[in-house]
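Visitor: prediction below, plus the sequence it came from.
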There are 2 protein chains.
Amino acid sequence: MSHLGYPCVMPVDRDHVLRSAAALLTRKSTATMDEVARAAGISRATLHRHFAGRDALVRALESLGIAECEAALDAARPDEGPAADAVRRLILAVEPSAALLAFLYTENQLFEGEQQHAGWTRIDDRIATLFRRGQASGEFRIDLTPAWLTEALYGLLASGAWAVLEGRVAPKDFTFMITELLLGGALRRTNQ
Amino acid sequence: MSHLGYPCVMPVDRDHVLRSAAALLTRKSTATMDEVARAAGISRATLHRHFAGRDALVRALESLGIAECEAALDAARPDEGPAADAVRRLILAVEPSAALLAFLYTENQLFEGEQQHAGWTRIDDRIATLFRRGQASGEFRIDLTPAWLTEALYGLLASGAWAVLEGRVAPKDFTFMITELLLGGALRRTNQ
DNA sequence: CGCCGGTGAGACAAAGATGTCTCATCTGGG
DNA sequence: CCCAGATGAGACATCTTTGTCTCACCGGCG
């Protein structure tokens, strides 16, 4: 049994590997294990020592995305204050994870038969609950279902992440664009 | 040289094949040529006789998507009347193509090096022009760029298509949900 | 100094997808 | 009736990716 100290050559930083993989797979969702390994600066053999296979890697990314979403939800305090402000805090908190979420969001579309990770259900519920609270308080319109608002939030986060990646939107405008469109829409307000 | 009449056994309906492929690939973007062929009710050999390879098939789907987008834009008359009404007509006209567009939208993310089809640029321009017209007329707010509104429209169409496919949103609500969220946002209007 | 744990490089077979080919079959038209 | 044209089924080689394995290397630790 080891003594929990640092190994000799330079241990693989599991978190760094996951983040490199997320960054690459967001741009090229069909990247091979070899490309993922190169992107992380390690060999394919080492990558395979830490993640049994491509499935295991994707599942690890999914767990990371779920954890970051939960953390963002916790940080956003969705039960405090006006619901609109809570949505703003949520989008701000989730921005660093947007690219990873964009990858997972599209990747999940092909989990046809298999049941999706239970963590997503919980996150969906927490976000939908926030929108429902805003409807109950009279802040949000009631003719758009919480489920759709939740789905739309995911879609806008993905669109925003890709638009930033391709240079069509400035990174600094990311949060503003998503927040304002989701809450206020494109129409000009006649009064506030 | 043939006489342009119908062949003998039962000619392959190219349009039907493309639509079957679009429906399948929207749900499972990694489907194999064999799965695509089965979904269309033809053999892999025949599929390969009509589309040289997977690339050719995807490019044909891209052309179909572009053609349908152009047709939807023409039908929506984006230069007539209030810009908001034109956006409503556009979303209504593009609804039948939403699933195909959702597939192409995510697929295009991995056209990293290669230049994307010029047709998309033209469509992007036409949509952005519509939003710009709405801003100039005072209908739309000017703090959301036309490029972002265009991107958001794609994202909402994709989210809506998936939400319908997975049963999270009723098909009949598709147009309403997207139109209202894009134009009006989630916040309740204090007055109209 | 020598051992031990972790890594990189590369070989290797297995699995899956693709592209091509052949052959039998079927049907409408001459 | 017979043929031309198009399809379906299947065999086949090829390519890519994957998963596993071996071997050499390196650096801290005893």
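Guide: Right, received. Where do you want to start?
Visitor: residues touching residue A:29, list them.
Guide: A:103, A:106-107, B:106, B:109-110 (C-beta atoms under 8 Å, 6 or more residues apart in numbering or on different chains). For the C-beta atoms, the positions are set from N, CA and C on the backbone; glycine is no exception.
Visitor: out of the residues you listed, which comes closest to DNA strand D?
Guide: Relative to DNA strand D, the closest of the contacts of residue A:29 is residue B:110; by C-beta to the nearest atom of the strand it sits at 12.0 Å.
Visitor: domain assignment for chain A?
Guide: A:1-51, A:62-184 (automatic domain parsing).
Visitor: out of the ones you listed, which is the most enclosed?
Guide: Mean neighbour count, computed with mean count of other C-beta atoms under 10 Å in any protein chain shown, is highest for domain A:62-184 among the domains of chain A, reaching a mean of 19.
Visitor: just the pLDDT for residue A:118.
Guide: Here, the pLDDT recorded for residue A:118 equals 88.
Visitor: for the residue of chain A found nearest DNA strand D, which non-adjacent residue is spatially closest?
Guide: Per C-beta to the nearest atom of the strand, residue A:53 is where chain A lies closest to DNA strand D, at 2.7 Å. In this structure, residue A:53 finds its nearest non-sequential neighbour in residue A:33, 8.0 Å apart by C-beta to C-beta, 6 or more residues apart in numbering or on different chains.
Visitor: looking at the domains of chain A, which one has the lowest mean pLDDT?
Guide: Among these, domain A:1-51 carries the lowest mean pLDDT (a mean of 84).
Visitor: still on that earlier bit, got the phi/psi numbers for the residue of chain A closest to DNA strand D?
Guide: phi -170, psi -170 (degrees, to the nearest 10).
Visitor: next one: residue A:187
Guide: Torsion angles, degrees, to the nearest 10, at residue A:187: phi -70, psi 140.
Visitor: need the next SSE after the helix or strand hosting residue A:157, C-terminal direction.
Guide: Here residue A:157 sits within helix A:146-165, counting by DSSP states H and E. Counting by DSSP H and E, the element after helix A:146-165 in chain order, helix or strand, is helix A:174-184.
Visitor: quick one: that next one to helix A:146-165, angle?
Guide: With axes from the mean of the first three to the mean of the last three C-alpha atoms, to 10 degrees defining the directions, helix A:174-184 sits at 150 degrees from helix A:146-165.
Visitor: tell me what helix A:174-184 is packed against?
Guide: Helices and strands touching helix A:174-184, as assessed by 3 or more C-beta pairs under 8 Å, 6 or more residues apart in numbering or on different chains; DSSP states H and E, comprise helix A:83-94, helix A:146-165, helix B:146-165.
Visitor: dump those helices to CSV, plus distance to residue A:186.
Guide: Output for the helices and strands packed on helix A:174-184, formatted as CSV (distance: least, C-beta to C-beta, whole Å):
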stretch, distance to residue A:186
helix A:83-94, 17
helix A:146-165, 12
helix B:146-165, 6
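Visitor: which among those helices is found nearest to residue B:38?
Guide: helix B:146-165 (19.2 Å; C-beta to C-beta).
Visitor: if we can go back for a sec, what would the domains of chain A look like in CSV with distance to residue B:27?
Guide: Output for those, formatted as CSV (distance: least, C-beta to C-beta, whole Å):
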stretch, distance to residue B:27
domain A:1-51, 15
domain A:62-184, 6
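Visitor: show residues contacting the helix ranked longest in chain A.
Guide: For chain A, the helix with the greatest residue count under DSSP state H is helix A:54-76. For helix A:54-76, contacts defined as C-beta under 8 Å, 6+ apart pick out A:18, A:21-22, A:25, A:33, A:36, A:47, A:51, A:86, A:89-90, A:92-94, A:96-97, A:100-101, A:103-104, A:107, A:117, A:119-120, A:122-123, A:126-127.
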